[in-house]
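In: After the sequence you'll find the predicted model.
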Amino acid sequence: MPGLDDLIPNATQIRKEAALKEAEKAEEYARLAAAAEAEKRALIERLGKPSGKTEEEKIQLASSIIQRAVRNGQTEVQVYRFPNTLCTDKGRAINQQEKGWENTLTGIPKEIFQLWTDYLKPRGYRIAYQIIDFPGGVPGDVGITISWGDN
């Protein structure tokens, strides 16, 4: 028959085991957080560079997005969302609606603005870049909306 020591473990030993479990959980959390951060940095780096798409591919993509929105009865569509770190000023000029805000764009967000300037604006489309979330009260992601309604 097992003794009392076998049935009820020593409190000191239990605390040690609990501390080891907590340390393992913290280590796993830190590993996952580091992996997520590395993935996010890689994504931002990729988005900050040109897309590599041809002008024709970009136009076809814009056309299909707009046509889908029109079929759904919409007069505008958010075409892209990106972290404010893709702006040279982290979105400050966009948030303040300063003249020349478009000069702070890099990578794909800049390509979208150029596509609008070259092909969509002459056809009556409007574009809006705006901060769409404020985590912790500071500017976060930027949304790009193309519109064609009577506003």
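Out: Nice, I can see it. Numbering: from 1, shown residues only.
In: From the recorded domain assignment, give the ranges for the chain.
Out: 4-47, 55-147 (automatic domain parsing).
In: looking at those, which has the lowest confidence?
Out: Mean pLDDT is lowest for domain 4-47 out of these, coming in at a mean of 75.
In: can you pull out the strands in this protein?
Out: For the chain, strands defined by DSSP state E occupy the ranges 76-82, 126-131, 142-147.
In: With distance to residue 13 and mean neighbour count as extra columns, can I get these in JSON lines?
Out: For glycine as for every other residue, the C-beta is placed from the backbone atoms N, C-alpha and C. Below are those laid out as JSON lines (distance: least, Cβ to Cβ, whole Å; neighbours: other Cβ atoms under 10 Å):
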{"stretch": "strand 76-82", "distance to residue 13": "51", "mean neighbour count": "17"}
{"stretch": "strand 126-131", "distance to residue 13": "53", "mean neighbour count": "17"}
{"stretch": "strand 142-147", "distance to residue 13": "54", "mean neighbour count": "19"}
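In: Tabulate those in JSON lines, adding columns for distance to residue 21.
Out: Compiled in JSON lines, the strands of the chain are given as follows (distance: least, Cβ to Cβ, whole Å):
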{"stretch": "strand 76-82", "distance to residue 21": "39"}
{"stretch": "strand 126-131", "distance to residue 21": "41"}
{"stretch": "strand 142-147", "distance to residue 21": "42"}
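In: out of those, nearest to residue 100?
Out: Judged by Cβ to Cβ, the one of the strands of the chain that comes nearest to residue 100 is strand 126-131, at 12.4 Å.
In: relative to strand 76-82, how tilted is the closest one?
Out: 40 degrees (axes from the mean of the first three to the mean of the last three Cα atoms, to 10 degrees).
In: Can you tell me what sits against strand 126-131?
Out: 84, 91, 94-95, 101-102, 105, 109, 112-113, 116, 120-121, 139-148, 151 (Cβ atoms under 8 Å, 6 or more residues apart in numbering).
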